[in-house]
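J.: need coordinates for the following:
(chains A and B)
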Amino acid sequence: MGLWLMAAPFLVGVAALVVAPALVTLVMSLFEWDLLQPARFLGLGNFRELLGDVAFRASLRNSLTYVAIAVPLRVAIALGLALLMHRRMRGVGAERSAVFFPTVIPDVAYALLWLWILNPLYGPLNLLLGAVGLPTPSWLTAAASARWGVIVMGLFLIGEGFLIALAARRAVPGELYDMASASGAGPWARFVRVTLPLMTPALLLMATRDTILSFQATFVPALIVTEGGPPPYGTTYLPLFVYRNAFEYLRYGYASAATVLMFVLTASIVWLQYRAIDRARRGGLWAGSGLGGT
Amino acid sequence: MRPTPLVAAALAAGLALAACTSGGGDPAPGEPVTISVWVAGDPAETQAFVDVARGFEASQRGIEVDLLQIAERDDLIARLSTSFAGGEPPDLFLMNYRYLGQFESKGVLEPLEPYLASSSELSAEDFYPEAMAAFQSDGVQTCMPQNVASLVMYFNRDLFERAGVEQPAAGWTWNDMVVAATELTRDIDGDGAVDVYGLGVDPEIIRVAPFVWSAGGELVDDPERPTRFTIGSLKAIRPLQAFLDLRGVAGVTPTDEEAEAADFETRFLDGTLAMVMESRKVVPSFRTITDFRWDVAPLPVHERPATILHSDAYCMTSASEHGAEAWTFLEFALGPEGQRIATATGRTVPSLRSVAESGAFLDPSVPPASSQAFLDAIGAIQAVPHIETWPEIEDVVNALIEEAYYDPSGRGEAGELVLAIFDQTQPLFDRANAGG
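T.: Residues are numbered from 1 along each chain as shown, chains lettered A, B, ... in the order given. As a prediction, the model looks like this:
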């Protein structure tokens, strides 16, 4: 009972701010509702309409592409930086802070900064690329470049994943590296046979968490930097699609149906990742690491 | 388990929240009534409404105005819809007629017709009927227009004079415009890149529409209750192709990248754009120009003069508990004094005839010198429909026009564009007409 009481504030918060809105969203997805007039029951009508909606299909495709590219890149960069900065050395604190710093910048300020950086003619990125003789992409006017621009924006927001990777790397016992070195293992072999297996639970956790976040992380960049374009729907991702339908077109039921599909999609990917983790755990991928193996 | 402290804390929090959110109710005797007014726009645009609100407060005691300035129209719509659902909408809000369809006929707006009929300060005949008509629903005046702006052509007089190009004037044609824009588009430093463009125009349906009308075409089958676009006729296709050719063939407007790098308003302010098609809203920022002289002219014509209405109106919400006070504010804002205050900022073309036709608006010593062009255009004004799904239709069509306008192959085809517009907008018309 004491444990439940201690957990009560958190449980109440989750119930009120997560579970209840999710249930309301699920119910709303079955209605047509503009918040102004009484809702009209449509059954699965919203879902049927979504399947034939060009904008929804484009936003679904864009979101899946984003997750497929951005998540591995973000996890890999967080891992790489954690490996570079896990040792105590002069100035490493400042370097770690620099990696974490972009994560605490407010989303809108961060997006406005990138609006300037990605300016196709006057932005520092293209000026730099041009100065060294590299091609200068049309970041905001070509669909493929714009999508890469959104991905690049996300690559600097890895502070939390970096901290997890850093903690996981520092938890690996140094003796294991000594033993590996003594048995003739070089740097690459030590990374593949010691570091990677022992950090795998943390990396999979990061990937799972990043997948969930990534489905939502495109909203502010797409709204402020690319405005969902260039047309047709070049950077319209699922959150922007939901926002426009709900808050601009007052189609809250339709937007709720898209949200439900986004949730199902996210849950499916996370479930697949969980299955992969479970299989790896049962297969003894990280047995004996003390980080979740049997 | 001892829940008492938790329950007490929750009750306290609830009461605090209720205290914070309860904005309605009557004030204590002697205390002023506060009415809430929501407007959208950048600070230069909304300054007019700030000035009007302060002027109103200075003119009387008893009613105060809580003016909320929201940066974007989209955000205003989002806040409005959620405020209606939450039961706490503002007393008044300002909205362009193109976005009013989402709120009309849903019982959330208080028709202003009865207030107007019994008013001793305002009369329907005092306003331009073109603006009044845009805010009527089934013949009833739902909202009251505060301006009657339209699409016009702003031009840099110094650039025209230096290039020896004849300045735009009433009756000039589309071809005149293309010729002038071509002569004014220049690579001054000879580096192969254009330094000054002749024209800036956003590839949007509200920019294309006046030229379809001017060529004798129609945008939709029924302006009041449209069921489909009718831009497949030659009278619509030709001006549409001419519009697309401004970029693809003539090359007199900035490229996609250049337009993305610096918008047309910025380019005009910089003196690197000779002409720009815009409504009245840019005047406050254009009045900061000190490096060159500029003025305004009517749109060029294909066959007959035509332009598009850009009008915003004050709407009262049916949930307002201060309808009488809100109307008192409107009598000031839309009356001679309020309209003069708003006009002074340059933002508005007054909807009140007496102010629009006075020196307060037409003073040639305050740029633009030819503000009369706005009044001359009123007779040629047409409005786009404002059915419930019109905002969606505009977004879809604008994306298609933009794609064709900046077609990478160099020339967007109007025929293909029209087919895509038919295909993607018909479900939206159908949904509006089905009532959903």
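J.: which parts of the stretch 301-436 of chain B are helices?
T.: For the stretch 301-436 of chain B, applying DSSP state H, counting those that start in this stretch gives helices covering B:323-333, B:336-344, B:353-356, B:359-362, B:372-377, B:390-405, B:414-433.
J.: show me which residues of chain A sit near chain B.
T.: By C-beta under 8 Å from any C-beta of the partner chain, the residues of chain A that approach chain B are A:1, A:5, A:8, A:32, A:34-37, A:40, A:54, A:119-123, A:138, A:140-141, A:229-233, A:244, A:247-250. Heads up, the C-betas are built off the backbone N, CA and C, glycines and all.
J.: cutoff 6 Å now
T.: A:1, A:32, A:35-37, A:119-122, A:138, A:140-141, A:231-232, A:247-250 (C-beta under 6 Å from any C-beta of the partner chain).
J.: what subset of the residues you listed is buried?
T.: A:32, A:35-36, A:119-121, A:138, A:140-141, A:231-232, A:247-250 (16 or more other C-beta atoms under 10 Å in any protein chain shown).
J.: please flag which of these sit within strands.
T.: A:Glu32 (DSSP state E).
J.: what two of the buried ones among the residues of chain A next to chain B are the furthest from one another?
T.: Farthest apart among these by C-beta to C-beta are A:Glu32 and A:Leu121. That separation is 44.2 Å.
J.: what's the closest non-adjacent residue to the most centrally placed residue in chain A?
T.: In chain A, the residue lying closest to the centroid (C-alpha atoms, centre = their mean) is A:Ser214, at 2.4 Å. Leaving aside its sequence neighbours, A:Ser214 sits nearest to A:Val67 (C-beta to C-beta, 6 or more residues apart in numbering or on different chains; 4.8 Å).
J.: please report the distance of that neighbour from A:Asp210.
T.: For A:Val67, the distance to A:Asp210 equals 9 Å [C-beta to C-beta, to the nearest Å].
J.: do the same with A:Pro231
T.: Counting by C-beta to C-beta - A:Pro231 and A:Asp210 are separated by 29 Å.
J.: pull the number of nearby residues for A:Trp116.
T.: Neighbours of A:Trp116 under the rule other C-beta atoms under 10 Å in any protein chain shown: 12.
J.: I meant A:Ala78, not that one.
T.: Neighbours of A:Ala78 (other C-beta under 10 Å): 25.
J.: wait, the residue nearest to the centre of chain A touches A:Ile69, no?
T.: No: A:Ser214 is not in contact with A:Ile69 according to C-beta atoms under 6 Å; the separation is 9.6 Å.
J.: which elements pack onto whichever strand or helix holds A:Val75?
T.: In the assignment (DSSP states H and E), A:Val75 maps to helix A:54-85. In terms of contacts (3 or more C-beta pairs under 6 Å, 6 or more residues apart in numbering or on different chains; DSSP states H and E), helix A:54-85 is packed against helix A:92-104, helix A:143-155, helix A:159-170, helix A:196-217, helix A:238-243.
J.: what helices or strands is the first one leaning on?
T.: When contacts are defined as 3+ C-beta pairs under 6 Å, 6+ apart, helix A:92-104 sits against helix A:54-85, helix A:159-170.
J.: where are the low-confidence patches of the chain?
T.: Using chain A here. A:1, A:283-294 (pLDDT under 70).
J.: looking at chain B here, not the other one
T.: B:1-29, B:435-436.
J.: which positions in it make contact with chain A?
T.: Residues of chain B lying near chain A (C-beta under 6 Å from any C-beta): B:1, B:74, B:77-78, B:81, B:84-85, B:102, B:106, B:108, B:256-257, B:260-261, B:392, B:399, B:402-403, B:436.
J.: now, of these, which are buried?
T.: The buried subset of the residues of chain B next to chain A - by 16+ other C-beta under 10 Å - is B:74, B:77-78, B:81, B:84-85, B:102, B:106, B:108, B:256-257, B:260-261, B:392, B:399, B:402-403.
J.: just checking, which of those belong to helices?
T.: B:74, B:77-78, B:81, B:84-85, B:256-257, B:260-261, B:392, B:399, B:402-403 (DSSP state H).
J.: just give the closest residue to whichever residue of the stretch 201-350 of chain B sits closest to chain A, not the sequence neighbours.
T.: Here the residue of the stretch 201-350 of chain B nearest chain A is B:Ala261; by C-beta to the nearest C-beta that distance is 3.8 Å. With sequence-adjacent residues excluded and distances taken as C-beta to C-beta, 6+ apart, B:Ala261 is closest to A:Leu121, at 3.8 Å.
J.: same deal with B:Val283?
T.: Nearest non-adjacent residue to B:Val283 (C-beta to C-beta, 6+ apart): B:Gly346, at 3.8 Å.
J.: quick check, that neighbour in contact with B:Arg287.
T.: Yes: using C-beta under 6 Å, B:Gly346 is in contact with B:Arg287, at 5.4 Å.
J.: the two: who's more crowded?
T.: Neighbour count, other C-beta under 10 Å: between B:Gly346 and B:Arg287, B:Gly346 has more, with 23 against 15.
J.: show me which residues of the helix holding A:Val75 are buried.
T.: Buried residues in helix A:54-85 (16+ other C-beta under 10 Å): A:55-56, A:58-60, A:62-63, A:66-67, A:70-71, A:73-75, A:77-79, A:81-82, A:85.
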